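Undergrad: Need coordinates for the below:
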Amino acid sequence: MSIIINIDVMLAKRKMQSQELAEKIGITQANLSILKNGKAKAIKISTLEAICLALDCQPGDILEFKP
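TA: Okay, the predicted model is just below:
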């Protein structure tokens, strides 16, 4: 089982670049890349909240569970 991170999908829908999102939410581009590639072991709720605010979406738009 795994959790899929759909940040790329939301970035495309919002016509936003990764660098712009990283600046808006206050993390490095390297850390955003780790999140986007699904290599992160955890995500802080405050980071998820910042992503949702920046992309005007819900957590369920970002996170997906695939058994």
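Undergrad: Show me the strands in the protein, by range?
TA: 2-5, 63-66 (DSSP state E).
Undergrad: Now do the last one: distance to the chain's middle.
TA: Pointing back at strand 63-66 there. How far strand 63-66 lies from its chain's middle: 13 Å, per C-alpha atoms, centre = their mean, to the nearest Å.
Undergrad: CA-only coordinates of it, as CSV, when you get a sec.
TA: What follows is strand 63-66, C-alpha atoms only, in CSV (Å, rounded to 0.1, in the frame of the first residue of the first chain):
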residue,chain,number,x,y,z
LEU,A,63,-3.0,12.9,-1.1
GLU,A,64,-4.3,9.6,-2.5
PHE,A,65,-4.3,6.1,-1.1
LYS,A,66,-3.6,3.2,-3.4
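Undergrad: Which residues does that strand contact?
TA: Outside of strand 63-66, the residues within contact range by C-beta atoms under 8 Å, 6 or more residues apart in numbering are 1-6, 48. For glycine as for every other residue, the C-beta is placed from the backbone atoms N, C-alpha and C.
Undergrad: As JSON lines, the strands of the chain with distance to Ala22, mean neighbour count and mean pLDDT would be great.
TA: Shown next, in JSON lines, are the strands of the chain (distance: least, C-beta to C-beta, whole Å; neighbours: other C-beta atoms under 10 Å; pLDDT from 0 to 100):
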{"stretch": "strand 2-5", "distance to Ala22": "14", "mean neighbour count": "13", "mean pLDDT": "91"}
{"stretch": "strand 63-66", "distance to Ala22": "18", "mean neighbour count": "10", "mean pLDDT": "93"}
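Undergrad: low pLDDT regions in this protein?
TA: 1 (pLDDT under 70).
Undergrad: Pipe the strands of the chain into JSON lines and attach distance to Ser33 per row.
TA: Shown next, in JSON lines, are the strands of the chain (distance: least, C-beta to C-beta, whole Å):
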{"stretch": "strand 2-5", "distance to Ser33": "11"}
{"stretch": "strand 63-66", "distance to Ser33": "17"}
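Undergrad: What is the longest helix seen in the chain packed up against?
TA: Looking across the chain with DSSP state H, the single longest helix is helix 45-55. The contact analysis (3 or more C-beta pairs under 8 Å, 6 or more residues apart in numbering; DSSP states H and E) places helix 45-55 against helix 7-14, helix 18-25, helix 59-62.
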